[in-house]
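1. Following is a predicted model, sequence given first.
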Amino acid sequence: MSYAIHTENLTKSFGNLVAVNGINFDVNQSEIFGLLGPNGAGKTTTIKMLCTLLIPTRGKAEVDGYDVVKEADEVRKKIGVVTEKLVAYDRLTPLENLSIFGRLYGMDSQPLKQRSEELLKLVELWDFRKTKVGNFSSGMRQRLNVIRALIHDPEIIFLDEPTIGLDPTTAHNIRELIKRLNSENKKTILLTTHYMDEADRLSNRIGIMDYGKIVALDTPRNLKDSVGQDATLEDVFIKLTGTKIRDEPVKNNQTGKSRVRRFHFGGRT
């Protein structure tokens, strides 16, 4: 079987810290795969390796059949990435932003123009196509952030907390967009989120990470049934990862010193 994403003993170490510890999982074509876990569990490091931003210490990973190390350029052509950090130029309009990112992927002018119009209409930003992004609300910026990653029509989309900090209406619209991309356009989607109900509603299967390892992988229904009748995905998460608040050292890029950032289940504090 040809998988959209395939990993074998995928490992990443930073000195003595093993951030991702020999994980094995596959993502099927046209599947929404939820990757959950506490902050510091290794989710973002895993995504960075799959997106060719980090080189694995050991093991291997393939995206759409291409090795993430040996065939990194081919992998990048196949993927779109949405991070929780908004990636857009405030002094430019949505059309100008999409034009820049489209040209980075080598798109010709006419297809790029048509694709930009299609995507802006998809997320109801066409009427604001000539408005500078610096004047956008956070919800409008996140909708632009999502379609920026879709400009080259990638086969596989990585969504790292795409609805974090959004109001309920905008979050609902982003979730509906994710479902449409999967059901209508057959896109493969790897999703990370701290919102358990979001993962439950969107994901075909879910992998739960803790301390760099995959501790559970199954459908949302089977995961909940394994805990008990009427169990929620949050119940599963807490049973597998515990209730202890996680503290994660964060390095200051300017001073080189470390500080402590505290997390609790469901988001940052």
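-> That came through, no problem. Residues are numbered from 1 along each chain as shown.
2. Residue 166 is in contact with residue 195, correct?
-> No: under the criterion of CB atoms under 8 Å, residue 195 is not in contact with residue 166, lying 10.3 Å apart. Glycine gets a C-beta too; all of them are placed from N, C-alpha and C.
3. got the residue ranges for the strands in the stretch 1-150 of the chain?
-> Here the stretch 1-150 of the chain has its strands, by DSSP state E, counting those that start in this stretch, at 5-14, 17-23, 26-27, 32-36, 58-63, 66-67, 79-82.
4. For the longest one, which helices and strands make contact with it?
-> Counting contacts by 3 or more CB pairs under 8 Å, 6 or more residues apart in numbering; DSSP states H and E, the secondary-structure elements packed against strand 5-14 are strand 17-23, strand 26-27, helix 43-50, strand 58-63.
5. and residue 162, which of those is closest to it?
-> Residue 162 lies closest, by CB to CB, to one member of those: helix 43-50, at 12.4 Å.
6. which residues of the chain score low on pLDDT?
-> Low-confidence segments of the chain (pLDDT under 70): 1, 245-269.
7. quick one: furthest residue from the center of it?
-> residue 229 (30.3 Å; CA atoms, centre = their mean).
8. so it, which of the three states?
-> coil (DSSP: H, G, I helix; E, B strand; the rest coil).
9. So it versus residue 235, what's the distance?
-> Plainly put, residue 229 is 11 Å away from residue 235 if you go by CB to CB, to the nearest Å.
10. Residue 103 too?
-> Residue 103 is 47 Å from residue 235, where distance means CB to CB.
11. ok so residue 189 is a strand residue?
-> Yes: counting by three-state DSSP, residue 189 is part of a strand.
12. I'd like the distance from it to residue 203, if you could.
-> To residue 203, residue 189 is 9 Å away according to CB to CB.
13. between the two, what contacts are shared?
-> Contact criterion CB atoms under 8 Å, 6 or more residues apart in numbering; residues bridging residue 189 and residue 203 by contacting each: 32, 33.
14. So which other helices or strands are in contact with the longest helix seen in the chain?
-> Ranked by number of residues, the top helix in the chain under DSSP state H is helix 168-183. On a contact count with 3+ CB pairs under 8 Å, 6+ apart, helix 168-183 meets helix 138-148, strand 188-192, helix 196-202.
15. excluding its backbone neighbours, what's nearest residue 66?
-> residue 74 (4.3 Å; CB to CB, 6 or more residues apart in numbering).
16. Just to check, the one you found is in contact with residue 68?
-> No: assessed by CB under 8 Å, residue 74 is found out of contact with residue 68, at 9.7 Å.
17. ok, these two, which is more surrounded?
-> residue 68 (25 against 15; other CB atoms under 10 Å).
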